[in-house]
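[1] predicted model, plus sequence, below.
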Amino acid sequence: MGMSASVRKAVFPAAGLGTRFLPATKAIPKEMLPIVDKPTIQYGVEEAMSSGLTDIILVTSRGKSAMEDHFDESSDLIRFLEGRGKTALADEVRKVSSLTRVSAVRQGDPLGLGHAVLVTESTVGNEPFAVILADDVYDANPPALKQMIDVFERAKGPVIAVERVPMEKVSSYGVIDATPAPEFGKDVYRIHDLVEKPPRDQAPSDLAIVGRYILTPDIFPALHETSKDKSGEIQLTNGMRRLLKSRPLYAVIVDGVRHDTGNNLGFLKANVYFGLKRPEIADALREYLKTQS
Ligand code: G1P
């Protein structure tokens with residue numbers, strides 16, 4: 001099978017302040033903090049590209065234009081590197097900008113993940129699209145989004161990525177009530193309900209929503225009709241809950257390793273994990289880690 005033409009656009013909500021990484025994020029978007037030598041968001045963009053998506057829509061805010069610059073053409077830098085014979089590095093830089101079309105939409109007031117998706121309504125238009133939370137970095141083969149698109153094409157309905165988490169952690173996630181739907185693939189579920197960050201004793205399961213969604217454009221009217229929660233935010237989970245009234249939604253446990261890089265410890269672990277995958281530093285890093293235990 002070739003690349004999918006069904007889902008072309010990937011929305012990256014990236015307007016947050018990155019307070020967990022202050023002071024590093026005073027002047028640098030948290031999405032630009034590198035895991036080894038690549039900005040966190042580039043892992044998500046490369047996942048989208050290798051899943052066949054072609055259009056990246058960044059949802060940004062004031063002070064975060066470094067992301068747009070990062071994915072822009074950089075012919076001066078490429079000429080400079082080629083002039084010095086650094087062709088491999090030049091290719092690496094070229095790769096960042098050549099394979100995608102990147103546009104940016106401002107979120108304005110940060111009114112939640114559902115709101116971040118809503119501001120992309122006219123840019124996404126009337127077609128299915130992906131939402132990627134760049135904090136969640138997957139190491140998966142096929143890529144996480146590709147696995148989800150395969151389910152989307154079989155089930156013909158929105159698909160969200162889920163993971164089983166320990167019950168003491170469910171209150172940090174959206175949680176689904178679901179039953180297996182093996183007719184659409186391994187580890188696929190049909191969703192019966194979704195609850196955003198339930199207390200442990202009210203969680204319908206241990207299946208937590210992680211940062212990947214394949215959505216259909218009818219999520220936009222559903223989000224328009226979704227009221228703000230107690231904290232004044234429009235939750236994507238509540239928008240999907242509304243959408244569930246008019247169509248089936250599906251979830252899939254992605255086959256791969258997920259890193260939650262949105263906190264300091266998870267970010268450091270991801271650096272070690274991906275560092276150990278780099279032949280040029282893996283052995284030295286492993287030796288160093290032994291001296292620290
Ligand atoms: C968001 C969603 C939540 C989901 C989580 C995954 O929450 O609202 O449903 O489980 O992303 O990372 P946030 O982590 O932005 O508070």
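    Structure received. Numbers count the residues shown, from 1 in each chain.
[2] could I get the full set of helices for the stretch 101-250 of the chain?
    For the stretch 101-250 of the chain, applying DSSP state H, counting those that start in this stretch gives helices covering 113-118, 121-124, 144-155, 219-224, 236-243.
[3] export those to CSV and tack on distance to the ligand and mean pLDDT?
    To be clear about C-beta, it is placed using only N, CA and C from the backbone, and glycine gets the same treatment. Conversion of these to CSV gives the following (distance: least, CB to the nearest ligand atom, whole Å; pLDDT from 0 to 100):
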stretch, distance to the ligand, mean pLDDT
helix 113-118, 5, 98
helix 121-124, 19, 97
helix 144-155, 13, 97
helix 219-224, 13, 98
helix 236-243, 5, 98
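[4] any chance of those helices in CSV, with mean neighbour count too?
    Formatted as CSV, the entries for those read as follows, by neighbours: other CB atoms under 10 Å:
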stretch, mean neighbour count
helix 113-118, 24
helix 121-124, 16
helix 144-155, 23
helix 219-224, 20
helix 236-243, 24
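[5] dump those into a markdown table; add distance to Pro182 as well.
    Formatted as a markdown table, the helices of the stretch 101-250 of the chain follow (distance: least, CB to CB, whole Å):
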| stretch | distance to Pro182 |
| --- | --- |
| helix 113-118 | 29 |
| helix 121-124 | 31 |
| helix 144-155 | 11 |
| helix 219-224 | 26 |
| helix 236-243 | 22 |
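[6] list the buried residues in stretch 165-173.
    Along stretch 165-173, these residues count as buried under the neighbour rule (16 or more other CB atoms under 10 Å): 165, 170-171, 173.
[7] if we can go back for a sec, who wins for proximity to Arg94 among the helices of the stretch 101-250 of the chain?
    With CB to CB as the measure, helix 144-155 is the member of those nearest Arg94 (22.7 Å).
[8] what does the closest one contact?
    Contact with helix 144-155 is made by 4, 6-7, 10, 47-48, 50-53, 128, 130, 132, 138, 140, 142, 158-159, 161, 181, 184-185, 188, 212, 214, 248, 250, 252, 254-256, 258, as judged by CB atoms under 8 Å, 6 or more residues apart in numbering.
[9] these in strands, which ones?
    10, 130, 132, 138, 159, 161, 188, 212, 214, 250, 252, 258 (DSSP state E).
[10] my read: the first one touches Leu133, true?
    This means Ala10. No - with contact defined as CB atoms under 8 Å, Ala10 does not reach Leu133; the gap is 11.1 Å.
[11] which neighbours do the two have in common?
    Gly44.
[12] who's more crowded, the two?
    Looking at Ala10 and Leu133 with other CB atoms under 10 Å, you find the greater number of neighbours at Ala10, namely 26 against 23.
[13] now for the more buried one: which residues touch it?
    Applying CB under 8 Å, 6+ apart to Ala10 gives the contacts 44-45, 48, 53, 55-57, 129-132, 145.
[14] mind doing that once more with 6 Å?
    Ala10 is in contact with 48, 53, 56, 130, 132, counting by CB atoms under 6 Å, 6 or more residues apart in numbering.
[15] tell me the residues of the stretch 151-293 of the chain that contact the ligand?
    By CB under 6 Å from any ligand atom, the residues of the stretch 151-293 of the chain that approach the ligand are 173-174, 196, 208-211, 235-237.
[16] kindly recompute the last result at 8 Å.
    By the criterion of CB under 8 Å from any ligand atom, the positions of the stretch 151-293 of the chain lying close to the ligand are 172-175, 196-197, 208-211, 235-237, 260, 262.
[17] show me which of these are buried.
    Those of these that meet the buried threshold are 173-175, 196, 208-211, 235-237, 260, 262, by 16+ other CB under 10 Å.
[18] Pro29: which of those is nearest?
    Checking these against Pro29 by CB to CB gives Gly262 as the nearest, at 13.0 Å.
[19] can you pull the pLDDT of the closest residue to the closest one other than its chain neighbours?
    Beyond its immediate neighbours in the sequence, the residue positioned closest to Gly262 (CB to CB, 6 or more residues apart in numbering) is Asp135, lying 3.6 Å away. Residue-level confidence at Asp135 comes out at 96, pLDDT.
[20] Gln292 too?
    Among the per-residue scores, Gln292 holds a pLDDT of 93.
[21] and if you look at Lys95?
    Each residue has a pLDDT score; the one for Lys95 is 74.
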